[in-house]
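Peer 1: based on what follows, work out the 3D shape:
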Amino acid sequence: MKRIFTYKLTTLVLVMVAIASVAARAQENEEITNFDDVFAEETLANESAPSSAPEKNSNITVLDEMGVEGEGINDAAPVDRKTKAESVKVMDASELQGSSATIADATNRSSGVKIRQSGGMGSESKINIRGMEGKNVKVLVDGVPVDNGNGNFSVNDIPIDKIDRIEIYKSYVPERFATDGMGGVINIVTHDLPKSSITGSYSFGSFNTHKASLDAKYVWVTDSAKNRAISTGISAYYNYSDNDYEFTTPYMDTVVTRDHDRYYSYNVLPFVSFEKYFFDKATLGVIYNAMDKEIQSNSHRIEEANAYAQSYGVNLSLEKANLFVKGLSMGLSFSYAYGKEVVVDTSHTYYYGWGKDNARESKAAFGEISLGGASHIERENQTAVAPWNFDYAFTKNHILTWSGLYRYESQDPTDKRAVNGHKLNNAGFPGHSHSVVSGLSLENNFWNERIQNVVGLKGYYYVIEAEDDGENRIQQLTDDYADNKDFGYSENLRVKLIDQLSFIDQLAVKGGYQHSLRFPTREEIFGDGLYVVCAPNLKPEKSDNFTAGAELDLRQIPLLLKLHLEFNWFYMLMDDRIYWNNYVSIPRPYYNSVGTKTTGFEIDAAVDVNEYILLTYNLTRQDAESREADMAFGIAKGLTVPNIPTFYMNFGAEFHIGDLLFRDDFFKIYWLANYTDEYYYSWKVSKKQDRTIPSSFSQDLGVEYSILANTLSWNFEVRNFMDVRVYDKYGESKPGRAFATKIKFTL
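Peer 2: All right, here's what the predicted structure looks like:
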């Protein structure tokens, strides 16, 4: 039997390598790319133009098909086994649970990652990983994609207390994560509460910001001999902020207050779980969440526009180890969610600036977000997701994984103004989509895990349909159906050259390659019926990503307890980038445009000076430029891509001590800092061009104290304590000095 397994294993490796080799030769003349609509975001530069699509202004955050408690939802989703051959950084969230940091705050401290936010709480964040961002960076919770299709990071509402770890995959999307994308993955892994416990937290901060969370679980042991039990519990959170901080934008030199940016959201998730009733665990969870947000412009006053949303969902997940044969593990899940999103912008007054004296009024609705762009759009969305994951361990060192995800989405938009007699319908086309992404990966460990190899193959298939409902729109559908299928593949190898020799704990080198892609979205293919024209022949964006690196761990060296050093180099060739020109007011389609080339490196260092002092540092240097010319839009070959930082560093210092005043107490004081060099607002044509986003150096200070082995903890943090002006996202300034304090308990 063992020989049969070995034969099958060898055959599988040879077949997968052969497929990858043939595909690589077939693509050798097709240098592969993307940078999605990062270049198209300069709508800000043309505020007077009408709004293109309502979704571009809504910033709605609805966490529909996902939960926030490991017991309640998506348990069956594949999670990382911390495979060291892959290009991944794993952040232990337990170190952050006492603080008031958000997921974006934590992720932004990693090398190679830059997160751009367009406001305070409730604003969406666009993730940049190694120079690639937007729709090419996928956000997952417990291995299941939760992004909203526009490339924005929309899970900052989830309290850090509910998270076990954050996995950051850079320029690599593992096959076990059944999703498209090329820039990387941020996988948020939720924690499982200890048996029969309650944990909660409350924090208060600047700008009238409040956050509260509660998790409770109770376990009934029904058969101790068979370890059978029934668990039930609830997970909930609430967030609120006025977001009334002072800021400046690229359009003015004066400082104003965001006085129309209030936001709140809440989430409730009850669940019940059955353990050791044939399945190791069977969990049923239901979820309800809602949000309400005032919409704020960064160029002029807004007083009425707002957005709100709510959603309901249900999830069933099943887990079983040693299914039929020893070593075969299964995870299955199904979730369904119904949501409703509303954007209302029907003001009869439009302000040209921040003062109330420079305004235009009319009996007809102008809209405030953009002049002439009044809208009242309601969207009903339905989503069904079915992920699966099967692991078969031939031995503990050889594991075959088959993962996949089926996803159905439907959208039914309604223009309430058109229903009430307005001539034009500004809502997008109704429609639905089906997609299946499936990945097969093989992990092999040799020589006591000193050599690790992971090879993978992924298949993609999707169908998107739109409906011409006969409504009066400026643009009509030229096609109502689009489908596509493709393959991706990867290879990652890690070799440990030295293992526990003298003061060298380990010295390892690794390298990887992946061919990946990102499918167009519904709006990119079919348009919005208003300013975006149908483009049924739009091709997927593609990329060939190469990485190489080395890591060194030293111990008990003079003056230092531990030292970790890591270096990573990356090179990405991207092609068929999807682009939309929003400088013009006439309708335009999305189209495949110039490719880009990105090169760069990262340096990470962590030093345990002694048992009390920890120092951390990382540096990122990246250069992204156009590989071809698209003179129709003024893009020449070799131009630096706009609005992407090219050089930044993160610093950290921490002093901690236990048993300071009482037994099992813990005290920590820390300093965190970030430096970002200046970068270009638009395509870099000359070193003399003066429109740049200025460099910045911000610093945070924090103190934390816990007692009774972290049963009760308190944290106080001052962010940007030097109150320097920090710019982000095309030069929009971020909040200045702010404080937050938090209390957390566990019973």
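Peer 1: for D528, see how far away H432 is.
Peer 2: H432 is 16 Å from D528, where distance means CB to CB, to the nearest Å. The way it works is simple: take the backbone N, C-alpha and C, and place the C-beta from them, glycine included.
Peer 1: between the two, which has more neighbouring residues?
Peer 2: Under the criterion of other CB atoms under 10 Å, the comparison of H432 against D528 puts D528 first, with 24 against 16.
Peer 1: verify the stated contact: F274 with L316.
Peer 2: No - the pair formed by F274 and L316 falls short of the contact definition of CB atoms under 8 Å, at 11.1 Å.
Peer 1: in the stretch 501-650 of the chain, where is pLDDT below threshold?
Peer 2: Scanning the stretch 501-650 of the chain for pLDDT under 70 picks out the ranges 582-586, 633.
Peer 1: strands along that one, start to end?
Peer 2: Listed in chain order, the strands found in the stretch 501-650 of the chain under DSSP state E, counting those that start in this stretch are 504-518, 532-533, 541-557, 560-575, 577-579, 588-589, 591-593, 596-608, 613-626, 647-658.
Peer 1: compare those and give me the one nearest S370.
Peer 2: strand 532-533 (15.1 Å; CB to CB).
Peer 1: the closest one pairs with which strands?
Peer 2: Each strand pairing with strand 532-533, determined using DSSP bridges, is listed with its direction: strand 588-589 (parallel).
Peer 1: how far does the partner strand sit from its chain's centre?
Peer 2: 27 Å (CA atoms, centre = their mean, to the nearest Å).
Peer 1: what lies in contact with that strand?
Peer 2: Surrounding strand 588-589, the residues in contact under the criterion CB atoms under 8 Å, 6 or more residues apart in numbering are G527, Y531, V532, V533, C534, A535, L538, W580, N581, N582.
Peer 1: can you do 6 Å?
Peer 2: Outside of strand 588-589, the residues within contact range by CB atoms under 6 Å, 6 or more residues apart in numbering are V533, A535, N581.
Peer 1: list just the nearest of those to G512.
Peer 2: Taking the contacts of strand 588-589 together and measuring to G512 by CB to CB, the closest member is A535, at 33.1 Å.
Peer 1: just list whatever residues bridge to the residue lying closest to the closest one once chain neighbours are set aside.
Peer 2: Of all residues not flanking A535 in the chain, P589 sits nearest, at 3.9 Å (CB to CB, 6 or more residues apart in numbering). Assessed by DSSP bridges, P589 has beta-bridge partners V533.
Peer 1: same question for M572.
Peer 2: Under DSSP bridges, the beta-bridge partners of M572 are N545, T598.
Peer 1: I'd say it and T598 touch.
Peer 2: Yes - with contacts counted by CB atoms under 6 Å, M572 reaches T598, the gap being 4.4 Å.
Peer 1: so which of the two has more stuff around it?
Peer 2: Looking at M572 and T598 with other CB under 10 Å, you find the greater number of neighbours at M572, namely 27 against 24.
Peer 1: so what's the more buried one up against?
Peer 2: S171, S543, N545, T598.
Peer 1: between those residues, which has the most around it?
Peer 2: Among the contacts of M572, S543 has more neighbours than the rest - 31 neighbours, counting by other CB under 10 Å.
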